[in-house]
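Colleague: Kindly generate the corresponding structure for this input.
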Amino acid sequence: MILVPDLAESWKVSEDGKTYTFHLRKGVKWQNLPPLNGREFVAEDVVWTYDRIAKTPGSASATWFDPVDKIRAVDRYTVEIVMKEPYVAFLVNMADPYAVITPKEVVDADGSLKKRAIGTGPFILTERVSNIVTKLRRNPGYWEPGIPYLDGVDIFNIVDLSAQVAAFRASQIDHIGASDKGDLDSILRAQPNTQVLKHLGLGWCKFHMRADKPPWDNIKLRQAFAAALDRQAEIDTFYSGEGRSLGPLPPYSRFEVPIEKLGESSRIYKRDVKYAKQLLAEAGYPAGVELPFLLRKQSGFTERIIRYNNDLMEANIKLLIKVIDNAEYLATGYIGKYEGAAAGCTGAPADPGEFLALQYHSSSTVYNQSHVKDALVDKMIDEQRRTLDEGKRIKIIQDLQMYLADKFFYIPLTQGYSYSLTSSRLKGYTPTISFNEADVYRYTWLEGGK
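Modeller: The predicted model follows:
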């Protein structure tokens, strides 16, 4: 994760890590739409936005501002943020789309940001038809001369994957994402000049369970469950062999400890039915066990869980599956309000320490789906959060992974590679792990025409 300047042209962090000074880019204009009408972007916009995020009930990013003591505009183009204590992930969080700077005038007029979107970015939102299309057009007042290159971008919401592939092959769209190598191969046969970028995102698929209650508070049971799973078969079946197994942390560059380096615990991440049965007997279930399980009705993932259930039954572990719809899952299993076990995938934040805090810290009330309560885990998460030296921070996070490796508060599954496919005429596109697609398109262009 390399931070680059945008609205903040430069910044400085004090030696004690408690004061952030942002120097804003001068001459930036809000898009020329009422009620802003192209006025200048200034420090008070940043102060107002951050204060609103911090104080809005239910805000997904409000906790980022918990360590903040005060935010003030030093002058028209300088913002100073003073922390109560060092918070290493703060800069990365401020670069996240969930911390995007928003206009006070729109909230004052509409009461929220749900009706219209006005920003300082390269494209102006001109039309949005829910679940069908979002239309963006070039912002002629954008601060960077000559940018964007494109006159506009139409983003279509095509839910059916086969329809996406068909539209791309017919040259009706210039960019799609794909996670199935079979689709990729069929496209390349039809359009061999297609540009392909292969990458791993920051997704994390796993089983989660009430690790604070019987029977899941039994570490041997959790280990037996993990040892019974055939992750390689899942990769071969659902990702055409293009994927990898996951450990206690998603694939964060520089921070992740690969499974093969997790010491003796690495054995449990590779299927071993005999060993799973041994662990199950040590857990007190020599004759096997039946476990209540909530399953979100979801295309693709449901099939993966059913395949895993077949693995588990060979080790005398049977899931008593209750299939629930998406709304019920989001209100129960997804936020830890359930009994027994469940499974799902989650997108991970840009900073690994933030991921650990959300999933493993006892103070996390929503995303700690397994109800992890471990004093040492809490201590290490808190320590890395305050550690300014990156090398030392990486060491703490890696030590924490070694500690978590055999605890299996969550039982990680696998992740397939994603493919970003662009037509031969679309140039300059690179994928992003965030939701800020319009920002990516500001440096793309079409070869040979509009």
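Colleague: And the strands in the stretch 201-350 of the chain?
Modeller: Remark: strands assigned in the stretch 201-350 of the chain by DSSP state E, counting those that start in this stretch are 203-209, 243-245, 289-296, 317-324, 341-347.
Colleague: which of those is buried the deepest?
Modeller: Sort the strands of the stretch 201-350 of the chain by mean neighbour count, taking mean count of other CB atoms under 10 Å, and strand 203-209 sits at the top with a mean of 22. From N, CA and C alone the C-beta is placed, and that goes for glycine too.
Colleague: what pLDDT, on average, does that one get?
Modeller: Computed over strand 203-209, the mean pLDDT rounds to 93.
Colleague: how far out from the middle of the chain is it?
Modeller: 13 Å (CA atoms, centre = their mean, to the nearest Å).
Colleague: what does stretch 341-358 give?
Modeller: Centre to centre, stretch against its chain (CA atoms, centre = their mean), the figure for stretch 341-358 is 7 Å.
Colleague: again, but for stretch 413-420
Modeller: 13 Å.
Colleague: Straight-line length of it, end to end?
Modeller: End-to-end distance of stretch 413-420 (CA to CA, to the nearest Å): 23 Å.
Colleague: do the same with stretch 263-282
Modeller: 21 Å.
Colleague: Please work out the average pLDDT along that stretch.
Modeller: Stretch 263-282 shows a mean pLDDT of 97.
Colleague: okay if I get the strands of the stretch 201-350 of the chain as TSV plus distance to Trp143?
Modeller: Formatted as TSV, the strands of the stretch 201-350 of the chain follow (distance: least, CB to CB, whole Å):
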stretch	distance to Trp143
strand 203-209	33
strand 243-245	40
strand 289-296	43
strand 317-324	48
strand 341-347	30
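Colleague: for these, which one sits closest to Glu127?
Modeller: strand 341-347 (26.9 Å; CB to CB).
Colleague: Can you spell out which helices and strands pack onto the closest one?
Modeller: With contacts taken as 3 or more CB pairs under 8 Å, 6 or more residues apart in numbering; DSSP states H and E, strand 341-347 sits against strand 203-209, strand 289-296, helix 301-314.
Colleague: Dump those to JSON lines, plus distance to Tyr252.
Modeller: Output for these, formatted as JSON lines (distance: least, CB to CB, whole Å):
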{"stretch": "strand 203-209", "distance to Tyr252": "10"}
{"stretch": "strand 289-296", "distance to Tyr252": "26"}
{"stretch": "helix 301-314", "distance to Tyr252": "23"}
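Colleague: Would you state the strands of the stretch 351-450 of the chain in chain order?
Modeller: So, for the stretch 351-450 of the chain - with DSSP E, counting those that start in this stretch - the strands run 410-412, 414-416, 418-422, 426-427, 445-446.
Colleague: Give the partner strands of the third one in its sheet and their orientations.
Modeller: When pairing is defined by DSSP bridges, strand 418-422 lines up against strand 175-178 (antiparallel), strand 195-199 (antiparallel).
Colleague: Quick one: mean pLDDT for that strand?
Modeller: 87.
Colleague: residues in contact with it?
Modeller: Contacts to strand 418-422, defined as CB atoms under 8 Å, 6 or more residues apart in numbering, come from residues 168, 174-179, 181, 184, 187, 194-201, 429, 431.
Colleague: Over to the second one?
Modeller: The list of residues contacting strand 414-416 from outside it, by CB under 8 Å, 6+ apart, reads 179, 200-201, 203-205, 231, 234-235, 238-239, 242-246, 250-251.
Colleague: closest to His371 out of the helices and strands packed on strand 341-347?
Modeller: strand 203-209 (8.8 Å).
Colleague: so which of the strands of the stretch 201-350 of the chain gets nearest Val68?
Modeller: Using CB to CB, the strands of the stretch 201-350 of the chain put strand 341-347 closest to Val68, at 24.3 Å.
Colleague: in the stretch 1-150 of the chain, what spans have low per-residue confidence?
Modeller: For the stretch 1-150 of the chain, applying pLDDT under 70 flags the ranges 1.
Colleague: let's go with 80 and repeat that
Modeller: Applying pLDDT under 80 to the stretch 1-150 of the chain flags the ranges 1-2, 57-60.
Colleague: Backbone torsions only: list them for the nearest residue to Asn139 once chain neighbours are set aside.
Modeller: Leaving aside its sequence neighbours, Asn139 sits nearest to Ile124 (CB to CB, 6 or more residues apart in numbering; 5.0 Å). Main-chain torsions, Ile124, degrees, to the nearest 10: phi -100, psi 130.
Colleague: What about Glu390, how many residues nearby?
Modeller: Using other CB atoms under 10 Å, Glu390 has 11 neighbouring residues.
Colleague: Do a quick rundown of the helices in this protein.
Modeller: For the chain, applying DSSP state H gives helices covering 43-55, 90-94, 104-110, 161-169, 181-190, 219-227, 231-238, 273-282, 301-314, 326-331, 352-360, 375-386, 390-404, 437-441.
Colleague: List the buried residues for the fifth one?
Modeller: Using 16 or more other CB atoms under 10 Å as the burial criterion, the residues of helix 181-190 that qualify are 181, 183-184, 187.
Colleague: any chance of the residues you listed in JSON lines, plus pLDDT?
Modeller: As requested, the buried residues of helix 181-190 are arranged in JSON lines below (pLDDT from 0 to 100):
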{"residue": "Lys181", "pLDDT": "76"}
{"residue": "Asp183", "pLDDT": "77"}
{"residue": "Leu184", "pLDDT": "82"}
{"residue": "Ile187", "pLDDT": "85"}
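Colleague: Can you give me the domain boundaries for this protein?
Modeller: 8-110, 123-199+423-446, 203-416 (automatic domain parsing).
Colleague: And Asp151, how far from Arg138?
Modeller: 5 Å (CB to CB, to the nearest Å).
Colleague: between the two, which one's more packed in?
Modeller: Arg138 (17 against 11).
Colleague: Beta-bridge partners for the more buried one, please?
Modeller: Phe123.
Colleague: if I pick it, what's in contact with it?
Modeller: By CB under 8 Å, 6+ apart, the neighbours of Arg138 are 122-124, 148, 150-152.
Colleague: Same list, those residues, but as JSON lines with distance to Ile101 please.
Modeller: Listed next are those as JSON lines, based on distance: CB to CB, whole Å:
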{"residue": "Pro122", "distance to Ile101": "15"}
{"residue": "Phe123", "distance to Ile101": "16"}
{"residue": "Ile124", "distance to Ile101": "16"}
{"residue": "Pro148", "distance to Ile101": "19"}
{"residue": "Leu150", "distance to Ile101": "23"}
{"residue": "Asp151", "distance to Ile101": "25"}
{"residue": "Gly152", "distance to Ile101": "23"}
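Colleague: Now list the buried members of the residues you listed.
Modeller: Buried among the contacts of Arg138 (16+ other CB under 10 Å): 122-124, 148, 150.
Colleague: which pair in those spans the largest distance?
Modeller: Ile124 and Leu150 (12.4 Å).
Colleague: Show the buried residues in the contacts of strand 418-422.
Modeller: 168, 174-176, 178-179, 181, 184, 187, 194, 200-201, 429, 431.
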